[in-house]
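Colleague: return a 3D structure for these sequence lines:
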Amino acid sequence: MGASVEELSSVNALPGITLVSEAVCEQVVGRPEAFSAVESVFAAMASGAAYNFPVVREAIGHADALYGFKSGFDRAGMVLGVKSGGYWPGNVHKNLTNHQSTVILFDPDTGQLRSLVGGNYLTAVRTAAASAVSIAHLARKDARVLGMVGAGHQSTFQLRAALEQRNFEKVVAWNPHPEYLSRLAAVCEELGMPFAAVEREQLGAEADVIITITSAFEPLLMKQWIKPGTHIACMGTDTKGKQEVDPELLAVASVFTDEVAQSISIGEAQHAVASGLLNEADITPIGEVINGTHLGRRDDLEITLFDGTGVGLQDLAVASAAVRLAQQQGLAEQVVL
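Modeller: So this is what the prediction gives:
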């Protein structure tokens, strides 16, 4: 699925530090490369070959910003590093993306700094890849209507990645600020996909797959709106207090996640677990489905839910792929400190 250990070892063996810019990341890492990297690292996490370190995430008391570190080690892929960055809500008024980050990779054998990689585009594409992986492994094969809740910067990445996973025939969408739905409508027009702006109740009634990608702190989708057989990918909740769906929905769904520890502490499952509606033991790492140790969806009436909290190993996986591909294509810059 991903690069071989030999390929990754050859990257680590290069002298100096590899710099891969945002522009080069966009050039070399597309949706297929991101999907493969994220799917592989989820599988490694579930088998115990990769693990994330504790997350540091703090409000810095300036510019309403959240800043933190996500790091980990993938022994299967020989990738060690950290993503440093956070969320600056005022950046939207400065023609900058609200999420700002950089990925730093180290040689697992020596601890030497090996790569600095722009993380903004990679964060967007790896988050979209995570929901796409969940759709590929958990959504009904006959899913035809895709529902989008949220129309921010990340939403178009989510939409494009999701549409490649099933033979969708229509997209329905809702956003608290309806004027931003034009972003999703434009992508659908480009791809020749019918699009409709709808209310949330109608979205739940129509959609076979739903992606929530907001920064909400309250439930936007209620249990009674969701029809049997729906797959939901909750991709916006990554901080304590955030929430996108009714906790009662998690109580009736089969819940999967990238990492259980994050799911119950900062992910969508935090609220259902805190209220006693869901037990930690009821949450399955999606890597188990990828590895074939868990069945995944049991039937066409089951509601499945993926709690995509966003783990550091996703960032390291796509950044490692970016370094390898940039070097292969002669687009990386080598420097010596």
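Colleague: following element in sequence after the worst-scoring helix or strand of the chain on mean pLDDT, please.
Modeller: Ranked by mean pLDDT, DSSP states H and E, the weakest helix or strand in the chain is helix 5-13, scoring a mean of 51. Using DSSP states H and E, the helix or strand that follows helix 5-13 in sequence is strand 17-20.
Colleague: who are the packing partners of that following strand?
Modeller: strand 113-118, helix 312-328, strand 333-335 (3 or more CB pairs under 8 Å, 6 or more residues apart in numbering; DSSP states H and E). Every C-beta, even on glycine, is put in place using the N, C-alpha and C of the backbone.
Colleague: note down every partner strand of it and its orientation.
Modeller: Strand 17-20 sits in its sheet next to strand 113-118 (parallel), strand 333-335 (antiparallel), going by DSSP bridges.
Colleague: what's the most buried one of the ones you listed?
Modeller: strand 113-118 (a mean of 23; mean count of other CB atoms under 10 Å).
Colleague: TSV for the strands paired with strand 17-20, including distance to Leu184 and mean pLDDT?
Modeller: Formatted as TSV, the strands paired with strand 17-20 follow (distance: least, CB to CB, whole Å; pLDDT from 0 to 100):
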stretch	distance to Leu184	mean pLDDT
strand 113-118	25	98
strand 333-335	36	96
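Colleague: may I see those organised as TSV, with distance to Met45 added?
Modeller: What follows is the strands paired with strand 17-20, written out as TSV (distance: least, CB to CB, whole Å):
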stretch	distance to Met45
strand 113-118	21
strand 333-335	31
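Colleague: just give me the longest helix of this structure.
Modeller: helix 120-138 (DSSP state H).
Colleague: neighbouring strands for the following helix or strand past that one, and are they parallel or not?
Modeller: Downstream of helix 120-138, the first helix or strand assigned by DSSP H and E is strand 145-149. Using DSSP bridges, the strands paired with strand 145-149 are strand 170-174 (parallel), strand 209-212 (parallel).
Colleague: just say which of those strands is most tucked in.
Modeller: Buried most deeply of the strands paired with strand 145-149, by mean count of other CB under 10 Å, is strand 209-212, with a mean of 28.
Colleague: average pLDDT for it?
Modeller: Average pLDDT, strand 209-212: 98.
Colleague: in terms of pLDDT, where does the closest residue in space to Pro108 that isn't next to it in sequence sit?
Modeller: Closest residue in space to Pro108, ignoring its immediate chain neighbours: Leu80 at 4.4 Å, by CB to CB, 6 or more residues apart in numbering. Looking at Leu80, its pLDDT reads 98.
Colleague: specify the beta-bridge partners of Leu80.
Modeller: Residues in beta-bridge contact with Leu80 (DSSP bridges): Phe73, Phe106.
Colleague: what is the neighbour count of Ala63?
Modeller: For Ala63, the count of nearby residues is 12 (other CB atoms under 10 Å).
Colleague: which residues does it contact?
Modeller: Contacts for Ala63 (CB atoms under 8 Å, 6 or more residues apart in numbering) come out as Trp88, Pro89, Gly90.
Colleague: at 7 Å instead, please
Modeller: Trp88, Gly90 (CB atoms under 7 Å, 6 or more residues apart in numbering).
Colleague: secondary structure element for it, which one?
Modeller: Going by DSSP H and E, Ala63 is not in any helix or strand.
Colleague: Thr156 reaches Arg183, doesn't it?
Modeller: Yes: counting by CB atoms under 7 Å, Thr156 does reach Arg183; the two are 5.6 Å apart.
Colleague: the nearest residue to Asn167 once chain neighbours are set aside: what's it in contact with?
Modeller: Ranked by CB to CB, 6+ apart and with sequence neighbours excluded, the top spatial neighbour of Asn167 is Arg144, at 7.0 Å. Arg144 makes contact with Asn167, Phe168, Glu169, Lys170, Asp208, according to CB under 7 Å, 6+ apart.
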